[in-house]
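Engineer: The following comprises the amino acid sequence and a computationally predicted model.
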Amino acid sequence: MCLAIPARVIELTAGDNALVDLAGVQKEISLALVDDVAVGDYVIVHVGYALNKLDPDEAAKTLALFAELAASERQ
Amino acid sequence: MNTGALRVQARWAAGRLEPLQVELQRPAVTSLFQGQPAAQVQASAPLFYSLCSQAQGLAAGAALAAARGEANWTPSPACTRALWLEALHEHLWRLLLDWPVALGLEAPREAFAIWRKCRQADPASFAAATRQLFERALGLDPGTGQPRPEGLAARCLSQLQHPLTLPAHDDDALPDPAPWLADDQDPAAGMSGQETAAADGANSRRIATPPGPGLAYARRLLQALEAWQALGTEQPYPLRSAARPDRRQGLGLTRTARGLLLHEAVLEAGDRVGCYRIWAPTDRLFADAAPLTRLLQALAPEDAGATRRALELAILALDPCVPYGIDWTEN
């Protein structure tokens, strides 16, 4: 049950990698398994790989769910 | 936010391994479902999960339908295909990327990446790409499904000291979840026993030794082949449900690439969710140190180095779906 938190691509880096923002944490991931990723896109990340690209509406919907989850955990 | 993590603490002292400590952190996703309309929960449940989202949607759909009293709920053909594809993808990831790296072998990343890009292709092209991946990247004989002597699968099995000949099929029949509806049953405990040792009976609370690394890899090969075959023959995806109408309680049980997945829903007035619970393989296998400890004992490593190596392989065999780390200390 790895969480599908959308990660926003901040920068494309060398070696088919990218810097992403994942729940407020920046990390470098591999883009080897997905095509046509650009800065500003949202991807789902698993063990250092981008699994798939999300369309903006789907990413926004999912981020809203996780924001709700984070808020519930703080209460 | 808490995104989920697993820590395993292991300390080697005075020539032996001290009791393992396992800490699994999981976000309380289901807390968001309380009080929500059933239809909304069914739609949003898969969005939380990356690797098993299709299976989560299936289990949620079955549990909520059962709670509503709908006896014959089934997924659409498109969902069924997506479910088999999700399972096949997970099996191939473990077989082609995770196990080879853990065993010091080269992982065929490029071949896997090429195959992934064929998943949305027409069925004939996808079937050809999958066949090529099994044959060339894994080294399986296309006629028999058995590993070729010099292929990647054979080398992994050899390093894991498992025979190169695979059984004819993997026994993946789902148990009947109905007994877990009873008040005095703990579904998670019942599933632990059933999942890890068929000899213990479907509802045993005893956790037996899980499959070791060699058997885990061999079963993964079989399950990958079966998922591929199921995609080609449009087989239904494994699913069972059970209901207790007087309590508007429903269970949906399916199988992910990691093991059994159970959703439980109890509905209140207006088809709103009163109680919702999910039991996933990682919850069951890492709730405490017992499964990992038993597996490590079965592997019987002789010294500190071998024990650390065995611990790494044992965790991979149990296959947690969250990031994990080992805190290893030696005195």
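Structural biologist: Cool, got the structure. Numbers count the residues shown, from 1 in each chain, chains lettered A, B, ... in the order given.
Engineer: B:Arg68 contacts B:Gly270, correct?
Structural biologist: No: contact criterion C-beta atoms under 8 Å: B:Arg68 and B:Gly270 do not qualify, at 11.7 Å. To be clear about C-beta, it is placed using only N, CA and C from the backbone, and glycine gets the same treatment.
Engineer: With neighbour numbers in mind, choose between those two.
Structural biologist: B:Arg68 (17 against 7; other C-beta atoms under 10 Å in any protein chain shown).
Engineer: State the distance from the more buried one to chain A.
Structural biologist: 23 Å (C-beta to the nearest C-beta, to the nearest Å).
Engineer: again with B:His91
Structural biologist: From B:His91 to chain A the distance is 15 Å (C-beta to the nearest C-beta).
Engineer: count of neighbours near B:Gly4?
Structural biologist: For B:Gly4, using other C-beta under 10 Å, the count is 20.
Engineer: pLDDT value on it, please?
Structural biologist: B:Gly4 is assigned a pLDDT of 83 by the prediction.
Engineer: pretty sure it contacts B:Arg26?
Structural biologist: Yes: the criterion here is C-beta under 8 Å, and B:Gly4 meets it with B:Arg26 at 5.2 Å.
Engineer: Flag every residue of chain A that's near chain B.
Structural biologist: Of all the residues in chain A, those in contact range of chain B (C-beta under 8 Å from any C-beta of the partner chain) are A:1-5, A:22-23, A:32-33, A:35, A:44-47, A:51, A:61-62, A:65-66, A:68-70, A:72-73.
Engineer: Show me where the stretch 101-250 of chain B has its helices.
Structural biologist: Along the stretch 101-250 of chain B, counting by DSSP state H, counting those that start in this stretch, helices occupy B:109-117, B:123-132, B:152-159, B:187-196, B:213-233.
Engineer: Just give me the neighbour total for A:Ser13.
Structural biologist: Careful, residue A:13 is Thr; it's not Ser. 12.
Engineer: Could you tell me which of the residues of chain A next to chain B belong to helices?
Structural biologist: Among these, DSSP state H puts A:61-62, A:65-66, A:68-70, A:72-73 in helices.
Engineer: Neighbour count added to the residues you listed, as a markdown table?
Structural biologist: Below are those laid out as a markdown table (neighbours: other C-beta atoms under 10 Å in any protein chain shown):
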| residue | neighbour count |
| --- | --- |
| A:Lys61 | 15 |
| A:Thr62 | 20 |
| A:Leu65 | 17 |
| A:Phe66 | 21 |
| A:Glu68 | 13 |
| A:Leu69 | 20 |
| A:Ala70 | 15 |
| A:Ser72 | 15 |
| A:Glu73 | 12 |
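Engineer: coming back round to it: I'd like to know which of the helices of the stretch 101-250 of chain B has the weakest mean confidence.
Structural biologist: Among those, helix B:187-196 carries the lowest mean pLDDT (a mean of 45).
Engineer: Ok, which of the helices of the stretch 101-250 of chain B comes nearest A:Asp16?
Structural biologist: A:Asp16 lies closest to helix B:109-117 among the helices of the stretch 101-250 of chain B, at 9.7 Å (C-beta to C-beta).
Engineer: Just the C-alpha atoms of that closest one, please, in CSV.
Structural biologist: This file holds the C-alpha atoms of helix B:109-117, laid out as CSV (Å, rounded to 0.1, in the frame of the first residue of the first chain):
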residue,chain,number,x,y,z
ARG,B,109,16.2,-2.0,-16.5
GLU,B,110,16.0,-1.0,-20.2
ALA,B,111,14.1,-4.1,-21.2
PHE,B,112,11.6,-3.5,-18.4
ALA,B,113,11.2,0.2,-19.3
ILE,B,114,10.5,-0.8,-23.0
TRP,B,115,7.9,-3.3,-21.9
ARG,B,116,6.2,-0.8,-19.6
LYS,B,117,5.7,1.5,-22.6
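Engineer: Quick check: buried residues in it?
Structural biologist: B:109, B:111-113, B:115-116 (16 or more other C-beta atoms under 10 Å in any protein chain shown).
Engineer: which of those come close to chain A?
Structural biologist: Counting by C-beta under 8 Å from any C-beta, the members of these near chain A are B:109, B:112-113, B:116.
Engineer: Now flag whichever of the residues you listed is closest to B:Ser50.
Structural biologist: B:Arg116 (14.2 Å).
Engineer: Name all residues that make contact with the closest one.
Structural biologist: A:33, B:89 (C-beta atoms under 8 Å, 6 or more residues apart in numbering or on different chains).
Engineer: ok, now A:Ala23?
Structural biologist: A:5, A:7, A:66, B:1, B:3.
Engineer: next one: stretch B:276-293 to chain centre, how far?
Structural biologist: 11 Å (C-alpha atoms, centre = their mean, to the nearest Å).
Engineer: For the chain, name the helix or strand with the lowest mean pLDDT.
Structural biologist: Chain wasn't specified; assuming chain A. helix A:56-74 (a mean of 87; mean pLDDT, DSSP states H and E).
Engineer: nope, chain B please
Structural biologist: helix B:187-196 (a mean of 45).
Engineer: Which residue is the nearest non-sequential neighbour of B:Glu135?
Structural biologist: Nearest non-adjacent residue to B:Glu135, counting by C-beta to C-beta, 6 or more residues apart in numbering or on different chains: B:Pro142, 5.4 Å away.
Engineer: Next one: residue 40, what pLDDT does it get?
Structural biologist: Looking at chain A here, since you left the chain open. 95.
Engineer: actually chain B
Structural biologist: Value for B:Gln40, per-residue pLDDT: 93.
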